[in-house]
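Engineer: Everything below, folded, please.
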Amino acid sequence: MITVGDPPRALNKKLAAVLNEKLETGVALNALAHMSLGMGTVLGPEESLMCNYVDANDMHHPFISAYPFIILKGRPTKIREAIDAAKNSNLAVIDFTNTMTVGSYFEQLERTKSTPNSELEFYGAVFYGDFASVSEITKKFSLFR
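Structural biologist: Numbers count the residues shown, from 1 in each chain. Sure, this is the predicted structure:
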């Protein structure tokens, strides 16, 4: 865990999310939360450069990544293409689809299992890896506003 007394580290990796531009804000944020938790689990605290912020009252505000987290938006077909490109480049990618909502997690697992990949609608994806590689994959998306 990085603290204020540690020497600065180079940020040579990038963390970016792309959300389906057609989603309602609440649905998009739900997908982002699930994907972010998944990416944090994959990376762990060291790789994701988790910081422990300590305020003037010595209160701790831990587990905030040192990496900027860029949130973008785009069309579902372009998100699918970016996911495929990330997988082909061996980048870390976590995605969230339309089958992962409504009902219990078990129902969602069953619904996903019975849906061909070509029929999945991507609500979003979170990408992590070499700065230039993630930038290349996500450069065509616009900022989420």
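Engineer: any idea of the mean pLDDT for the longest helix seen in the chain?
Structural biologist: Criterion DSSP state H: the longest helix present in the chain is helix 25-47. Across helix 25-47, pLDDT averages out at 96.
Engineer: Now it: buried residues?
Structural biologist: 27-28, 30-32, 34-36, 38-40, 43 (16 or more other C-beta atoms under 10 Å). Every C-beta, even on glycine, is put in place using the N, C-alpha and C of the backbone.
Engineer: And stretch 86-94, by the same measure?
Structural biologist: Quick answer for stretch 86-94 (16+ other C-beta under 10 Å): 86, 91-94.
Engineer: Present these as CSV; the columns should include pLDDT.
Structural biologist: Shown next, in CSV, are the buried residues of stretch 86-94 (pLDDT from 0 to 100):
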residue, pLDDT
Ala86, 98
Leu91, 97
Ala92, 97
Val93, 98
Ile94, 98
